[in-house]
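In: I would like to see how this sequence folds:
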Amino acid sequence: RQPPGAALMGNLQCVIFDCDGVLYRGKCAVPGGPEALARLRRAGLRLLFVTNAATASRASLATKLTSLGYIGVKPEDCVTSASAAASFLATAHPNVRRAYVVGGGSGLSNELDLVGIESVGKADAGLGLQAMMEQGWSAAADGAGIGAVVVGMQSEGLGYAPLAKAAAYAQNRSKVFVGETSGI
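Out: Numbers count the residues shown, from 1 in each chain. Model (predicted):
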């Protein structure tokens, strides 16, 4: 392949990188990646980093990239599916103050906290139908303060209760439903 011409490179101001599989694979930086991005920074380009990893917050992504040798990455240079979901709720639905969250790990909860939205539902992980009924759960009573249902990837510890509660809350059309994605 021919390298990009000087005219193209001269017009660039920002380069956006996907992360998983592009800048790193698992816990290892791709060979030559940190050096290539360092050259782009020295050329004065702004670098942005995106991922659809539901469990990543902007801060955790910046920390991971830095630990892999990508120098100078700050949380404000990163966009994750968790930060996109939180930003969407804060911008398009500014009255939402509480969200029932299924999955997404701490990244999703952290991003919601940063925009002033309390995430609830973590205590329900792994809870079964019988335990839910013994608690006397009711969608009308327990969901009164919930303004949104946010669902992210959860590969372990998912039980009946979080899915049942999320589905019951989401049936109320006054509650916003956000399904944020993750690569599988």
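In: okay, now the unreliable bits of the chain?
Out: For the chain, applying pLDDT under 70 flags the ranges 1-4, 6, 140, 155, 157, 181-184.
In: could you pull out the strands for it?
Out: Ranges of strands within the chain are 14-18, 24-25, 28-29, 46-51, 78-80, 98-102, 118-120, 148-151, 176-179, based on DSSP state E.
In: now residue 171, nearest residue through space, not along the chain?
Out: Once flanking residues are discounted, residue 171 sits nearest to residue 139: 7.8 Å by C-beta to C-beta, 6 or more residues apart in numbering. In this view, the C-beta of every residue, glycine as well, is placed from N, C-alpha and C.
In: cool, and residue 118?
Out: Distance criterion C-beta to C-beta, 6+ apart; nearest residue to residue 118, sequence neighbours excluded, is residue 98 at 4.7 Å.
In: now residue 95
Out: Per C-beta to C-beta, 6+ apart, closest to residue 95 is residue 147, 6.5 Å.
In: that neighbour touches residue 94, doesn't it?
Out: No. If you go by C-beta atoms under 8 Å, residue 147 and residue 94 don't touch, sitting 10.1 Å apart.
In: higher neighbour count, the two?
Out: More crowded of residue 147 and residue 94, by other C-beta atoms under 10 Å: residue 147, with 19 against 11.
In: give me every residue that touches the more buried one.
Out: The contact partners of residue 147, by C-beta atoms under 8 Å, 6 or more residues apart in numbering, come to 93, 95, 96, 97, 98, 99, 175, 176.
In: can you check residue 112 too?
Out: 85, 86, 89, 99, 101, 118, 119, 150.
In: measure it to residue 57 for me?
Out: 10 Å (C-beta to C-beta, to the nearest Å).
In: for residue 119, same thing?
Out: 12 Å.
In: helices along this structure, start to end?
Out: Counting by DSSP state H, residue ranges of the helices within the chain are 6-11, 33-42, 58-67, 81-92, 105-114, 129-134, 139-142, 160-170.
In: tell me the centre residue of this structure?
Out: The residue lying closest to the centre of the chain (C-alpha atoms, centre = their mean) is residue 82, at 1.8 Å.
In: quick one: that one and residue 173, what's the gap?
Out: 25 Å.
In: what of residue 127?
Out: Separation of residue 127 from residue 173 (C-beta to C-beta) stands at 26 Å.
In: check contacts around residue 117.
Out: Residue 117 is in contact with 86, 89, 90, 96, 97, 98, 99, 148, counting by C-beta under 8 Å, 6+ apart.
In: so who does the last one touch?
Out: With contacts defined as C-beta under 8 Å, 6+ apart, residue 148 is in contact with 89, 93, 96, 98, 99, 100, 117, 175, 176, 177, 178.
In: got it, and the second one?
Out: Contacts for residue 89 (C-beta under 8 Å, 6+ apart) come out as 96, 99, 112, 115, 117, 148, 150, 176, 178.
In: so the fourth one makes contact with residue 88?
Out: No. The pair residue 115 and residue 88 does not pass the contact test of C-beta under 8 Å, sitting 9.6 Å apart.
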